[in-house]
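1. please find the sequence and the predicted model below.
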Amino acid sequence: MKTKLKSWQKAGLSPTQRSLAWLRENGYEFMEKTEHIIPRVHQRRDLFEFIDILAVNHVHLLAIQCCAGDGGDHADRVHRIMRLPVARALAYYMDIQVWSFAIRGERGAPKMWTRRATPLTAKLLPKDSLLREKIEQGTWDVVNVA
């Protein structure tokens, strides 16, 4: 029996393309790629040094840092964002997450692309913040995409 792949699980997509497809399938009406290439020096530039995609639905503003692979690259991005003062300031206004995609599956079963999402919003807020407390208790009524 063949498993029907979702649009973000198909081969040949970049992590950014996979993220945009996942967001589309999960009800985000507006999304924009904010990572740009500076032509003369061939460097990638993210919005505020870490945002690759901004997505909005009826209740949620989501900032995503996409990365390839699921191992050290994902953890490096998390640590880098945690050190950015601008990320701490933006955590009051939007949900900040790091996403990566990897091919996974049981032994002998078909391997499929899976998404790993690490929410950083609560960790970026001060420990005595009421918003952080509500997020950690699960009483903040924002759509959870993790």
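-> Looks like it arrived, so ask away.
2. might you report the residue contacts of P15?
-> If a contact means CB atoms under 8 Å, 6 or more residues apart in numbering, then P15 has 66-68, 99-101 as its contacts. Every C-beta, even on glycine, is put in place using the N, C-alpha and C of the backbone.
3. hmm, which two among those residues are most spread apart?
-> Greatest spacing in the contacts of P15, by CB to CB: A68 and W99 (10.6 Å).
4. which one of the two has more residues nearby?
-> W99 (25 against 13; other CB atoms under 10 Å).
5. need phi/psi at that one.
-> Backbone geometry at W99, expressed as degrees, to the nearest 10, gives phi -120, psi 140.
6. so what sits opposite it in the bridge?
-> Beta-bridge partners for W99, by DSSP bridges, are C66, A117.
7. relative to C66, how far out is it?
-> W99 sits 5 Å away from C66, going by CB to CB, to the nearest Å.
8. touching both of those two, which residues are there?
-> Residues touching both W99 and C66 (CB under 8 Å, 6+ apart): 15, 19.
9. circling back: which of the contacts of P15 lies closest to R132?
-> Minimum distance to R132 across the contacts of P15 is 21.4 Å, recorded for W99 (CB to CB).
10. residues contacting that closest one?
-> Here W99 is in contact with 15, 19, 64-67, 115-118 (CB under 8 Å, 6+ apart).
11. write the PyMOL selection for whichever of the residues you listed are buried.
-> Only the buried entries of the contacts of W99 go into this PyMOL selection, using 16 or more other CB atoms under 10 Å:
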select buried, resi 15+19+64+65+66+67+115+117+118
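12. redo the contacts of W99 as CSV? Include distance to K127 and pLDDT.
-> CSV is the format used below for these (distance: CB to CB, whole Å; pLDDT from 0 to 100):
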residue, distance to K127, pLDDT
P15, 32, 86
S19, 30, 91
I64, 25, 95
Q65, 23, 94
C66, 28, 90
C67, 27, 86
R115, 29, 89
R116, 26, 90
A117, 23, 92
T118, 19, 92
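13. in this structure, which spans are strands?
-> 30-33, 36-38, 43-45, 53-56, 61-68, 95-104, 112-119 (DSSP state E).
14. on contacts alone, who are the packing partners of the last one?
-> Where contact means 3 or more CB pairs under 8 Å, 6 or more residues apart in numbering; DSSP states H and E, strand 112-119 is packed against helix 15-25, helix 72-82, strand 95-104.
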